[in-house]
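Asker: When you get a sec, could you give me coordinates for this:
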Amino acid sequence: MARVLKAATASAVGLFPRLQTPVPTVRTFSMSLSSHQVAGPVWNLGRLNHVAVAVPDLEKAKAFYKNVLGAQVGETVPLPEHGVSVVFVNLGNTKMELLHPLGNDSPIAGFLQKNKAGGMHHICIEVDNINAAVMNLKEKKIRILSEEAKIGAHGKPVIFLHPKDCGGVLVELEQV
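Answerer: Presented below is the predicted three-dimensional model:
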C-alpha cells in the first residue's frame, strides 16, 4: 500500500510541478497614513445577486422554471431603457434573471443571434458603494461599459464590467 501511495504521489507531483517549488515567504507590514494623505475609495463586494440567462422564448422559460422545477417565478417587466424584458426566478439564496430582447436594437438580440438556444449572459454581484467601486476599478484599468451607473431592474444603480477584463464573464455590479 505504501509503495502504491508513494508512486501515486510521485505521479501527482509530476502533473503539478508547482508542488515541487518551495513557497516563498510572504512578509506583511502595516503603514499608517499621515494626516495629509487620503485613502483610496472604500467599497466592499457583497453577495451574488443573480445569474442572468438570455432566453429566446420568455414564456417557455417561465413555464419551465415554474411548472417543471417548481420555482417562484415573477412577472415579466419590460425595461425599455435597457432594451430587455426581465423575469426574476427566486431560488431562495439567489435569483436567476431571465432576459428577452425588447426590440431589435437590444443587446440581448445580438447575444441570441450568436447563441440561438440562449445561455448565461452575466452575473450580478452586490457592492456597498458603486461610485467608489467604479473609481477604484477604473484606476485598476478595468473597463466599465457605460460612462455612469444606470438604474437596473431592481431600481438600484448598476454598472457592467467588460468581460475581457473579468475572465470572459460579463459582470454587473449593483448598489445595495
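
Asker: alpha carbons only for contacts and neighbour counts from here, please
Answerer: Noted.

Asker: residue ranges of the helices in the chain, please?
Answerer: With DSSP state H applied, the chain shows helices at 2-15, 58-63, 107-114, 130-139, listed in chain order.

Asker: Least reliable of the ones you listed by average pLDDT, please.
Answerer: Within those, the stretch with the lowest mean pLDDT is helix 2-15, showing a mean of 45.

Asker: what residues are up against Glu75?
Answerer: Residues in contact with Glu75 (Cα atoms under 8 Å, 6 or more residues apart in numbering) are Val87, Phe88.

Asker: what are the phi and psi angles of it?
Answerer: phi -80, psi 160 (degrees, to the nearest 10).

Asker: now the residue nearest the centre of the chain, nearest residue through space, not along the chain?
Answerer: Nearest to the centroid of the C-alpha atoms of the chain, with distances taken as Cα atoms, centre = their mean, sits Ile123, at 2.9 Å. Nearest non-adjacent residue to Ile123, counting by Cα to Cα, 6 or more residues apart in numbering: Val51, 4.5 Å away.

Asker: For Glu59, give its distance to Asn44.
Answerer: Going from Glu59 to Asn44 by Cα to Cα, to the nearest Å gives 36 Å.

Asker: before we move on, the earlier item: pretty sure the residue nearest to Ile123 contacts Lys95?
Answerer: Yes. With contacts counted by Cα atoms under 8 Å, Val51 reaches Lys95, the gap being 6.6 Å.
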